[in-house]
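A.B. asks: With the input below, show me the fold.
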Amino acid sequence: MTDTVLDKLHPASFRGVSFYLKGEAERQGGRESQTFKYPKRDVREIEDMGKIPPIFSFEAIITGIGDDYFAKRDNFIKTLEDLNTPGLLVHPFYGSFYVYPKPYTVIDSINELCVARFNLIFEVVNVSEKNNIIVGSDSQISTNANNIISNTNSNIQKKYTLVNKISANFNDMKNKVNKFVDKIDTITKSINQVTDLINDLSSTILDIRSNINSKISTANNLAASITGIFNTIQFIAQNPLDKFNIMSQLFNFGQDDILINKNTQIRIDRQNNRDLLNNSIQVNATALACEALLSITFKSTDDINSYRQILEDQFSNLFNSILDDATYDELIDLRNNINSFLDSQTINTPNIVSITTNTIPMTVLAYNYYESLDNLDDLININNIIDNSFVSGALNILSQ
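C.D. replies: Okay, the predicted model is just below:
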């Protein structure tokens, strides 16, 4: 089989953003030493100062077609410039390292091929500082999720203002909880549910609806109701993708609320209770969505980056909301861990590459690139092809 463009470029990534390494890849390393000289003596002593953290330099290629090219190029520039913390570099020849990006240069070949060539230098951080730590592990992310749910449960118990004596506040919280339960009922009906848990969820929802007055009458009852819902729905989906979709539909819960004019203490309490419930639901949903990603099989690095962006937008929204210190710190930790996990997933996940082809059967195209038809369905899906008998023009394929 003849070489294609895929054989000449090597997939790599930095902070989860994919690119191609072309040509020579240089690595600097070795050991550092300190030389000691003495006056009027013909001897010197050399003391070993330890291993020098590697420095990688290479040419990175970003390609695309039309506006897609500019978006990919600008996103990669943003990745190189925006953060002042180490990021995960997945190198095709040396493996994965946490690195700092050094100053870069970029040359655009827009008229020729829509190719951006980056001359990059990455300096590995101290091994004892970062690279010997298993970051983003399943256990860390699950621990973050459990801690966050526990924190929100405690926050409701501590901060909920009782509404029993104020009918306006009582009715408002009653409507909020019912709206939450209705949304859970709606979104869980759209997925395949674990049979053994269907009755559990139905019973939990019925219990809250039937006893709504008592559920919102005390902080402990309200906290138990919210936590009970999440404890059930996190296990009700038959697959992790459905679990993620359930949780992501709760990311914006309460954002359509009409703001209350807080000109009396009663109205202040009403708004504070709304904010408390909204934040608790959004934070719990974010934590469990991250946990769902641990079991999802990603089809491409674009797939990974799509999930990453959804979560990044949600984290940004949460950090701009009212959060207690413990939840804020746990969310920061969760954000770092889930990004590290997604970085690690890019190592063995194929990239989407743009090609141009003459008219050819899709099955032949698939076989030419992969020497089998195992990826045929994926190719059809990423190109939104309805009739796959013959294809032509610009297409996306998965690198191996």
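A.B. asks: Look up how far residue 298 lies from the residue nearest the centre of the chain.
C.D. replies: The centroid of the chain falls nearest to residue 308 when counting by C-alpha atoms, centre = their mean (2.8 Å). Per C-beta to C-beta, to the nearest Å, residue 308 is found 10 Å from residue 298. From N, CA and C alone the C-beta is placed, and that goes for glycine too.
A.B. asks: Name the residues of the lengthiest helix in the chain that come out as buried.
C.D. replies: In the chain, taking DSSP state H as the definition, the longest helix is helix 265-293. For helix 265-293, a neighbour-count test (16 or more other C-beta atoms under 10 Å) marks 267, 269-274, 276-293 as buried.
A.B. asks: Can you show me the helices along the stretch 151-300 of the chain?
C.D. replies: In the stretch 151-300 of the chain, the helices defined using DSSP state H, counting those that start in this stretch lie at 167-188, 195-210, 212-215, 219-236, 240-248, 265-293.
A.B. asks: CSV for the ones you listed, including distance to residue 358 and mean pLDDT?
C.D. replies: Shown next, in CSV, are those (distance: least, C-beta to C-beta, whole Å; pLDDT from 0 to 100):
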stretch, distance to residue 358, mean pLDDT
helix 167-188, 45, 94
helix 195-210, 50, 82
helix 212-215, 65, 92
helix 219-236, 49, 88
helix 240-248, 36, 93
helix 265-293, 39, 94
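A.B. asks: so which of the ones you listed comes closest to residue 153?
C.D. replies: helix 219-236 (4.9 Å; C-beta to C-beta).
A.B. asks: What are the contacting residues of the closest one?
C.D. replies: Outside of helix 219-236, the residues within contact range by C-beta atoms under 8 Å, 6 or more residues apart in numbering are 149, 152-154, 156-160, 162, 173, 177, 180-181, 184, 188, 191, 193-194, 197-198, 200-201, 204-205, 208, 214-216, 243, 246-247, 277, 280-281, 284-285, 288, 291.
A.B. asks: just the buried members of those residues?
C.D. replies: 149, 152-153, 156, 159-160, 162, 173, 177, 180-181, 184, 188, 193, 197, 200-201, 204-205, 208, 215-216, 243, 246-247, 277, 280-281, 284-285, 288, 291.
A.B. asks: okay, now residue 323: neighbour count?
C.D. replies: 18 (other C-beta atoms under 10 Å).
A.B. asks: Give me the distance between the residue lying closest to it once chain neighbours are set aside and residue 259.
C.D. replies: With C-beta to C-beta, 6 or more residues apart in numbering as the criterion, residue 323 has its nearest non-adjacent residue at 6.7 Å, and that residue is residue 279. Between residue 279 and residue 259 the computed distance is 15 Å (C-beta to C-beta).
A.B. asks: what does residue 366 give?
C.D. replies: Noted for residue 366: a distance of 54 Å to residue 259, by C-beta to C-beta.
A.B. asks: In terms of neighbours, single out the busier of the two.
C.D. replies: Neighbour count, other C-beta under 10 Å: between residue 366 and residue 259, residue 366 has more, with 22 against 7.
A.B. asks: low pLDDT regions in the stretch 51-200 of the chain?
C.D. replies: Within the stretch 51-200 of the chain, the stretches with pLDDT under 70 are 83-85, 110-113, 126-138, 193-197.
A.B. asks: Would you map the strands across it?
C.D. replies: 55-63, 87-91, 95-101, 105-109, 115-124 (DSSP state E, counting those that start in this stretch).
A.B. asks: elements contacting the third one?
C.D. replies: Packing contacts for strand 95-101, counted by 3 or more C-beta pairs under 8 Å, 6 or more residues apart in numbering; DSSP states H and E, involve strand 87-91, strand 115-124.
A.B. asks: please redo it, this time with the cut-off set to 10 Å
C.D. replies: strand 10-14, strand 55-63, helix 67-81, strand 87-91, strand 115-124, helix 325-345 (3 or more C-beta pairs under 10 Å, 6 or more residues apart in numbering; DSSP states H and E).
A.B. asks: What of the longest one?
C.D. replies: Judged by 3+ C-beta pairs under 10 Å, 6+ apart, the packing partners of strand 115-124 are strand 10-14, strand 17-28, strand 55-63, helix 67-81, strand 87-91, strand 95-101, strand 105-109.
A.B. asks: hang on, the earlier thing: toward the C-terminus, what is the element adjacent to the longest helix of the chain?
C.D. replies: Scanning forward in sequence from helix 265-293 by DSSP states H and E, the next helix or strand is helix 301-319.
A.B. asks: same for that following helix, what does it pack against?
C.D. replies: strand 10-14, strand 17-28, helix 240-248, helix 265-293, helix 325-345, strand 352-360, strand 391-398.
A.B. asks: buried sites along the last one?
C.D. replies: Pointing back at strand 391-398 there. Of all the residues in strand 391-398, those buried under the rule 16+ other C-beta under 10 Å are 391, 395, 396, 397, 398.
A.B. asks: Make TSV from those residues and add distance to residue 20 and pLDDT to it.
C.D. replies: Formatted as TSV, these follow (distance: C-beta to C-beta, whole Å; pLDDT from 0 to 100):
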residue	distance to residue 20	pLDDT
391	23	81
395	18	75
396	15	70
397	14	71
398	14	66
